[in-house]
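Chemist: fold the following.
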Amino acid sequence: MTTISIKTDIISKVFLLTSCLTGFAGMMHCDAQSIIGKWKQISGKMYCTPDAVKNSHGHLQEVMDMPKVDAVDEFKSDHTLTETITTGSTKTINSGTWTMSGKTVTITITGHPPMSGIVSDTDNTLVYTVEMPKSEHMQVIKRQWTYSKV
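Modeler: Here you go, the predicted model:
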């Protein structure tokens, strides 16, 4: 009877250990892997202050499309980033770094302030939002760019 009890006890412990390890393996999903790859800009918007819209005599709206540019951000697994922007015949390549916490990615490009974005739940859309510093002459209070995974 002791042999059966010991075997049952060992089988129970192995089952419990296996269940725990399987559960922890599911929790160790790394969101940072979803950002790696190339992302192409599909749109950009500017958000203007209500006073700027009111005083613009119809030239500004609360939300305006930004001029279309061909921009691609490439996130690499070593947490570096290459941003390529093509406007007409001019191509600009910038480099930087990135970090990710949950679905929020923060990029730092040399010579520019850090910028944060949110990756969609489907991992194929990235929306950067930049709040503009407040000043009495500020017309644009926020800029937002939407990227799609290539």
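Chemist: what's the helix or strand for Ala52?
Modeler: Element membership for Ala52 (DSSP states H and E) is helix 50-55.
Chemist: and stretch 43-56, what's buried?
Modeler: By neighbour count on 16 or more other CB atoms under 10 Å, the buried set for stretch 43-56 is 44, 46-49, 52-53. Where C-beta positions appear, they are placed from N, C-alpha and C, glycine not excepted.
Chemist: measure that stretch end to end?
Modeler: Across its full length, stretch 43-56 reaches 24 Å between end residues, using CA to CA, to the nearest Å.
Chemist: quick one: residues in contact with that stretch.
Modeler: By CB atoms under 8 Å, 6 or more residues apart in numbering, the residues outside stretch 43-56 that reach it are 60-69, 138-146.
Chemist: how about a cut-off of 7 Å?
Modeler: The contact list for stretch 43-56, computed with CB atoms under 7 Å, 6 or more residues apart in numbering, reads 60-66, 138-146.
Chemist: from the structure, what's the count of residues near Lys76?
Modeler: Around Lys76 sit 13 other residues, with neighbours defined as other CB atoms under 10 Å.
Chemist: that one and Val140, how far apart?
Modeler: Between Lys76 and Val140 the distance is 31 Å, computed by CB to CB, to the nearest Å.
Chemist: what of Lys149?
Modeler: Here the distance between Lys149 and Val140 works out to 27 Å (CB to CB).
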